[in-house]
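Colleague: No sequence on hand, only this structure:
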């Protein structure tokens, strides 16, 4: 089952613009992660934010987390054509033995045009 | 070791046949995960190993599915008597068993098409 829902489902912007995508989830979490997936390939980890953090930055990425609203947002600044991909949020509620059962949302398809 | 390897990348089979996928995780990672992804959806958790022990299985993993990690290194995912609904991308991921939050490294996936 999918816990998170991303919004919008698809986003098309011009190179140099900022892209914002949102994620809502349903249950308590240990942390929330964002992954990127290029067409037909595996997922690549982008950034992780813990439940006790509100904002985190990594390069052109900015993630916010509001646990009271069970929502997160990913901002990509100064987008590039190479940022074209699907972006997924994934919530971590923990597993037996301390592993991660990441539950993924349905994703946002971002297209950055030249 | 350049990452998580999956084989084959693409498998086309007829309904009713058995298929097996292999995953070679990053060598120092003791945790290994299998996910399934259908078109337009996010990955769905199937199962998880810590070393050779299979610690959790999803309800999605019917009795036609079996996963093993015999020596705590590579893993196999076998689907018996395949059905058209099994058509999907099967993703393997691994992580280092540290306390706290872990980041998963995914392979490129094995795409299954059941005719």
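Modeller: The structure has been received and is ready for your questions. Keep in mind it's a predicted model, so treat the numbers as computed, not measured. Numbering: from 1, shown residues only, chains lettered A, B, ... in the order given.

Colleague: Point out where chain B drops to low pLDDT.
Modeller: For chain B, residues meeting the criterion pLDDT under 70 lie at B:1, B:97-101.

Colleague: Report how many residues lie close to residue 94.
Modeller: You didn't say which chain, so I picked chain A. 14 (other CB atoms under 10 Å in any protein chain shown). Backbone N, C-alpha and C define where each C-beta goes, glycine included.

Colleague: my question was about chain B
Modeller: 25.

Colleague: which residues does the closest residue to residue B:74 other than its chain neighbours form a beta bridge with?
Modeller: Nearest non-adjacent residue to residue B:74, counting by CB to CB, 6 or more residues apart in numbering or on different chains: residue B:24, 4.8 Å away. Beta-bridge pairing for residue B:24 (DSSP bridges): residue B:5.

Colleague: close to chain B, is stretch A:62-70?
Modeller: No: on the criterion CB under 8 Å from any CB of the partner chain, stretch A:62-70 is out of touch with chain B, staying 12.7 Å away.

Colleague: List the buried residues of that stretch.
Modeller: Of all the residues in stretch A:62-70, those buried under the rule 16 or more other CB atoms under 10 Å in any protein chain shown are A:62-65, A:70.

Colleague: Next: stretch B:34-43.
Modeller: Result for stretch B:34-43 [16+ other CB under 10 Å]: buried residues B:34-37, B:41-43.

Colleague: Likewise for stretch A:81-88?
Modeller: Neighbour-count burial for stretch A:81-88 [16+ other CB under 10 Å]: A:83-88.

Colleague: what's the neighbour count on the residue nearest to residue B:74?
Modeller: For residue B:24, using other CB under 10 Å, the count is 18.

Colleague: pretty sure it is touching residue B:2, no?
Modeller: No: between residue B:24 and residue B:2 there is no contact under CB atoms under 8 Å: 10.4 Å.

Colleague: Next, the contact list for residue A:18, please.
Modeller: Residue A:18 is in contact with A:75-79, counting by CB atoms under 8 Å, 6 or more residues apart in numbering or on different chains.

Colleague: how about those in TSV, adding pLDDT, neighbour count and distance to chain B?
Modeller: Below are the contacts of residue A:18 laid out as TSV (pLDDT from 0 to 100; neighbours: other CB atoms under 10 Å in any protein chain shown; distance: CB to the nearest CB, whole Å):
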residue	pLDDT	neighbour count	distance to chain B
A:75	98	14	20
A:76	98	24	19
A:77	98	14	22
A:78	98	11	25
A:79	97	21	22
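
Colleague: interface residues of chain A facing chain B?
Modeller: With CB under 8 Å from any CB as the criterion, chain A meets chain B at residues A:1-2, A:4, A:30-31, A:33, A:35, A:40-45, A:48, A:50, A:88, A:90, A:92, A:95-107.
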